[in-house]
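> dropping the sequence and predicted coords here.
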Amino acid sequence: MTKYIFVTGGVSSSLGKGIIAASLAKLLQARGFKVAIQKFDPYINVDPGTLNPYEHGECYVTDDGAETDLDLGHYERFLNTPTSQANNVTTGKIYQTVINHEREGVFLGKTVQVIPHITNEIKRRMQALSLTDDYEIIITEIGGTVGDIESLPFIESIRQLKWELGNNNAIVIHLTLIPYLKSAKELKTKPTQHSVKDLLEIGIQPDILVCRTEMSLNMELRRKLALFCNVTVNSVIEARDVSTIYDVPMEMLREQLDRTVLDKLNLVQTDEPDLEKWKAFLNRLKNPKKEVRIGLVGKYVELQDAYKSIHESFIHAGVSNDCKVIVESIHSEFLTEETLKEKLGELDGVLVAPGFGGRGVEGKIDAIRFIRENKIPFFGICFGMQCAAIEFARNVLHLKDAHSTEVNQQTPHPVIDIMSDQKDITQKGGTMRLGAYACKLKSDSIAQKAYHTNDIMERHRHRYEFNNLYFEQFEKAGMIATGINPDKNLVEIIELLDHPYFIGVQFHPELKSTVENPHPLFVSFIKAACDYHEKQLNNKFSTTSVF
Ligand code: GLN
C-alpha cells in the first residue's frame, strides 16, 4: 500500500517547501524506497505556462509536454527521475475537470459543490500516481501558505485522506518559520504556534514541524514548540539556512527527518541511506580547483527564479569540471554598443537565455555579435539560438533587417519563422511545441562530442523555428545545422565552424540536468570556458613576460 506525506507551509511563503520535499524524497530514495513527489498549486491558472516569469519564475517542462511549476525541476534534479503531467495539479485543472464532468452530466442532477465534488477530484489526483506506478511513498507539496482562502479545499482533502487512509499511512509535515528578533536576541515560536492553530482549525494536526531558522534551535525551544504544537520533541526538525540547496538532504539526515517519517508511517528500515554519490558531489562542489565567469544574458535577470534550471545546470556542470561557475547576470535591455566590451569582454563564456517577444532582443543580438567576433565560448538556448541565427544573417550574410517573425512580421528575411503547425493556433495555454522530441546529431560536431551519441531526446517549448529556406546560405557561410529533428526536418542545433565554441540549441537542455547526470552540453560549455580562461591567462602571461 502506498504511503502519503503531505508538505504544507506556514507563516511565510518562500520557505523552501520544494527543497524540503525533494530532500526528504532523496533520503527515502537513498534508503531504497520508490518515491514520487508532486505539487498541488492553489491558483486558478490551469498550468503556469501562461504565467509571466515575474509572477511565477521559470516554467518547467516535462518530457510529456506539461508546463509546470519550477519545483518539479528540484524534484527531478534531486531524484534523477522524470516527472510528468500528473505531478503538477492546480485549482484550475481541478475545476476544469469537475466543470467538464458537470457538462457531461456525470453528477446526475446533483448540485456541484466544493465539498464533495472539488475535494473528491483533489483526492483522486493526490492518489493518481499510485495507479500508474508502484510507488511506495508519494510526497505531495501544497503550494501557498496555510490560512490562504484558496488552499482550503486542498487542506480539507488532506484531512479526509488522512482519515480514510489511517494515521500510519498519511502524515503531514508543516514547514514553518522561526524568526530571530535581533532587538530581543531571541528566536520566536509564536508565529508557528498560530500557524499550527490555523491547521488545527481545519482539522489537521501536523505530525512533524520543519522549522526554517537562522539560528540553531536549542532543546528548550524544541520542547516549547513540541508542547504548544502538540508533536513529539523529535518531530521538531531544525532547517537552518545553508549555503547551497544541495546541503539540505544532509541537514535533514542530521536531524533524522527520514527516520521520524518512517517511524510515523510504520515503515521499518534499519539500513542507513546510501548517499555516497551525493556526498561526492557536495565535496567537489565545495572544493573547486578553478573558477570561470559566465555571462547570462536575458531580460528577466533581476529575478533569479526566472532562469532557475539554467543556474542549477551551471552548478552541476561546474562540479563535473571541478570548477566554480560564477554567473554574471546581464540585462539584455540595457546592453549597448558602448557597454558590450565592458560587460562581456572579461567573461569566459556567455549564455543567451530563452525568451519571448521583442523587449531586449537587440541587446541579445549585439551581445552575440561581440561574442562571435571575439571568439568567446557561446551557448544559446531556444530564443538565444534564434538570436544567433538572426545575428549571423544580418552581419555575416548581410541580410539587412533579418529577424524572427515573432518580433518583426514585416522582416524581408524571416530567418526564424512560425512553425507551420502553429499558424492557426489562437489559444495560448499548452499550445506550443512542448515536451521531448528526437534529434539526430551530426558526427564530429560540438554536440555529438558532448553527448557521445548521435540520437538524443530533448525538451522543447517554442512556437518559432529556423526557416529552412535559408539553410544552404547559412551552411555555405559557416553556420551549420548539427542537430535535426528526423520527423519534421527542423533545425534543432546550430554551430559555427570558424569559432572555438559556438552552439545554439532550439530545445531546453537545462531541464534535464540533474545532480547525478549533469547535462552534457552544459558540461562541455563549462569545459570550453575553462579552456578559454586558461588561454587568456597564458596570453596575458606571454605578453607581459620580461624574458
Ligand atoms: N519565443 C521563441 C519561440 O516561441 C523562443 C521560445 C523560448 O525561448 N522558449 O519560438
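That came in fine, so what should we check first? Numbers count the residues shown, from 1 in each chain.
> quick one, strands of the stretch 351-500 of the chain?
Per DSSP state E, counting those that start in this stretch, the stretch 351-500 of the chain carries strands over the ranges 378-381, 403-404, 414-418, 433-441, 455-462, 464-466, 479-484, 491-496.
> which SS class is H174?
strand (DSSP: H, G, I helix; E, B strand; the rest coil).
> bridging residues for it?
Beta-bridge partners for H174, by DSSP bridges, are T8, L209.
> distance check, it against the ligand.
H174 sits 36 Å away from the ligand, going by Cβ to the nearest ligand atom, to the nearest Å. The way it works is simple: take the backbone N, C-alpha and C, and place the C-beta from them, glycine included.
> isn't that residue up against V11?
No: contact status for H174 versus V11: not in contact, 9.7 Å apart, counting by Cβ atoms under 8 Å.
> give the residues shared as contacts by these two.
Residues within reach of H174 and of V11 at once, by Cβ atoms under 8 Å, 6 or more residues apart in numbering, are S195.
> so which of the two has more stuff around it?
More crowded of H174 and V11, by other Cβ atoms under 10 Å: H174, with 27 against 23.
> and that one, what does it touch?
H174 neighbours (Cβ under 8 Å, 6+ apart): 7-10, 146, 195-196, 199, 206, 208-210.
> which one (most neighbours) among the residues you listed?
Counting neighbours by other Cβ under 10 Å, G9 leads the contacts of H174 with 29 neighbours.
> secondary structure element holding V523?
helix 520-544 (DSSP states H and E).
> from the ligand, how far out is P273?
P273 is 37 Å from the ligand, by Cβ to the nearest ligand atom.
> tell me where the stretch 301-450 of the chain has helices.
For the stretch 301-450 of the chain, the helices defined by DSSP state H, counting those that start in this stretch occupy 308-320, 340-344, 361-373, 383-395, 446-451.
> any idea which of those helices scores lowest on pLDDT?
Among the helices of the stretch 301-450 of the chain, helix 340-344 carries the lowest mean pLDDT, at a mean of 91.
> would you mark the buried spots in that helix?
340, 343-344 (16 or more other Cβ atoms under 10 Å).
> closest one of these to the ligand?
Using Cβ to the nearest ligand atom, L344 comes nearest to the ligand of the buried residues of helix 340-344, at 20.4 Å.
> now for the closest one: which residues touch it?
Per Cβ under 8 Å, 6+ apart, neighbours of L344: 295, 330, 350, 367, 370-371, 374, 376.
> then N454?
440-441, 443, 448.
> tell me the pLDDT of the residue of the stretch 101-250 of the chain found nearest the ligand.
In the stretch 101-250 of the chain, the residue that lies nearest the ligand is G143 (23.3 Å; Cβ to the nearest ligand atom). If you check G143, the pLDDT there is 92.
> tally of neighbours for it?
The burial count for G143: 24, using other Cβ under 10 Å.
> for the ligand, what are the nearby residues on the stretch 251-400 of the chain?
Listed as neighbours of the ligand in the stretch 251-400 of the chain under the rule Cβ under 6 Å from any ligand atom: 354-356, 382-383.
> ok, 5 Å please
For the stretch 251-400 of the chain, the residues in contact with the ligand (Cβ under 5 Å from any ligand atom) are 354, 356, 382-383.
> same check, this time on the stretch 51-200 of the chain
Counting by Cβ under 5 Å from any ligand atom, the stretch 51-200 of the chain has no residue next to the ligand.
> quick one on the thing from earlier: most neighbours, which of the contacts of N454?
Ranking the contacts of N454 using other Cβ under 10 Å puts L441 first, with 22 neighbours.
> who are the neighbours in contact with that residue?
By Cβ under 8 Å, 6+ apart, the neighbours of L441 are 447-448, 451, 453-456, 482-483, 493.
> cutoff 10 Å now
447-456, 482-484, 492-493 (Cβ atoms under 10 Å, 6 or more residues apart in numbering).
> so what's it bridging to?
G483.
> any regions of the stretch 101-250 of the chain where pLDDT drops low?
For the stretch 101-250 of the chain, no stretch is flagged by pLDDT under 70.
> which stretches of it form strands?
Under DSSP E, counting those that start in this stretch, the stretch 101-250 of the chain gives strands at 137-142, 170-177, 180-181, 186-187, 208-213, 236-240.
> other SSEs contacting the fifth one?
Packed against strand 208-213, as judged by 3 or more Cβ pairs under 10 Å, 6 or more residues apart in numbering; DSSP states H and E, are the following elements: strand 3-9, helix 17-30, strand 170-177, helix 190-201, helix 219-229, strand 236-240, helix 257-264.
> go again with 8 Å.
Packing contacts for strand 208-213, counted by 3 or more Cβ pairs under 8 Å, 6 or more residues apart in numbering; DSSP states H and E, involve strand 170-177, helix 190-201, helix 219-229, strand 236-240, helix 257-264.
> tell me the most buried of these?
strand 170-177 (a mean of 25; mean count of other Cβ atoms under 10 Å).
> could you give the angle of it to strand 137-142?
40 degrees (axes from the mean of the first three to the mean of the last three Cα atoms, to 10 degrees).
> gap between strand 170-177 and the chain center?
Relative to its chain's centre, strand 170-177 lies at 23 Å (Cα atoms, centre = their mean, to the nearest Å).
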